[in-house]
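Student: Generate coordinates for the sequence data below:
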Amino acid sequence: MTDRPDDRIDTAASLWLDRNDQGFVGRGRIELLRRIGATGSISQAAKAMGMSYKHAWDAVDTMNNLSPQPLVQRRTGGRHGGGTALTDEGRRLIAVYEAAEREHRKFLARLREGIRDFDRFHTLIGALNMKVSARNNLRGVVASVKPGAVNAEVTLDVGGTPLVAIVTNESVQSLGLAPGVEAYALIKASFVILTTEDGGLKTSARNRLCGTVERVTDGAVNTEVVLALDGGARLTAIITMESTKDLGITEGGRACALIKAPHVILAIKD
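Tutor: Okay, here's the model as predicted:
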């Protein structure tokens, strides 16, 4: 079913930066720092923002206490009897927040466009969830691209281990996949088939990645097996407990992962 775009839906969110798991700065506190820097006075900055003097000082104290270096410092003496000044660390924090806020706005814009079209929203949420649900996210570099009539065979170098994916020619173009490009291989744990290293089997799976069993976690029905590949990457497989027993999968033992090329999803950083 295709829902029509709904222009009435929008996205809104404010950005907060935490430090040591505590709220550090948001838009209001950054604005307070900007005004302190412009006026040299917490009193004037607070008044311009409709904030009480005590509230402003409390906010400054909180930020100074959480920051490794003071953001605002008192100045004593002088013709006007002192005041406050923004430090270099304070100016740096403002610049960091402004850069983060620009990226935050871009994200909200993309999310808004996706939400307005349900189909695209569904795809977007699927992509976001994939970071959580797809247990295997392997970083690599495209080693080769062999285009076919409809699909292309893309080989990714994952820490010295080749990993082949079959994707459409359209995906190769839209993702800009070419030798030397950094890409990520997303593979669901349930798509990973484990075999013993010396199984002597001939299979149709393009990818056979071997390594040492690093962790075996039994569940109610299935077992999660983490394989430390010879190239250094980690690969997770979900297999039945019965298979674990039959294959003799134990921590420290050797095993190989079989993965069909069409089950490898390629992604790049946006």
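Student: Run through the neighbouring helices and strands of the longest helix anywhere in the chain.
Tutor: Using DSSP state H to define each element, the chain has its longest helix at helix 88-116. Helix 88-116 sits against strand 17-19, helix 27-39, helix 118-133, with contacts defined as 3 or more C-beta pairs under 8 Å, 6 or more residues apart in numbering; DSSP states H and E. From N, CA and C alone the C-beta is placed, and that goes for glycine too.
Student: and it, how far out from the chain's middle?
Tutor: Its chain's C-alpha centre and that of helix 88-116 lie 16 Å apart, by C-alpha atoms, centre = their mean, to the nearest Å.
Student: Next: stretch 155-171.
Tutor: 21 Å.
Student: and if you look at stretch 140-147?
Tutor: 23 Å.
Student: List the neighbours of it that are in contact with it.
Tutor: With contact meaning C-beta atoms under 8 Å, 6 or more residues apart in numbering, stretch 140-147 is reached by 152-159, 162-163, 169, 172, 177-185.
Student: let's see it at 10 Å
Tutor: 152-165, 167, 169, 172-173, 175-185, 231, 233, 266, 268 (C-beta atoms under 10 Å, 6 or more residues apart in numbering).
Student: Please check those and keep the buried ones.
Tutor: Buried members of the contacts of stretch 140-147, scored by 16 or more other C-beta atoms under 10 Å, are 152-158, 161, 163-165, 167, 172, 175, 177, 181, 183-185, 231, 233, 266.
Student: which residue ranges form the strands in the stretch 101-250 of the chain?
Tutor: Assigned strands in the stretch 101-250 of the chain, in chain order: 136-147, 151-158, 161-168, 182-187, 193-195, 207-218, 222-229, 234-240 (criterion: DSSP state E, counting those that start in this stretch).
Student: For those, give me CSV that also has distance to Gly28.
Tutor: Shown next, in CSV, are the strands of the stretch 101-250 of the chain (distance: least, C-beta to C-beta, whole Å):
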stretch, distance to Gly28
strand 136-147, 36
strand 151-158, 45
strand 161-168, 46
strand 182-187, 37
strand 193-195, 53
strand 207-218, 45
strand 222-229, 44
strand 234-240, 42
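Student: count of neighbours near Ala56?
Tutor: 22 (other C-beta atoms under 10 Å).
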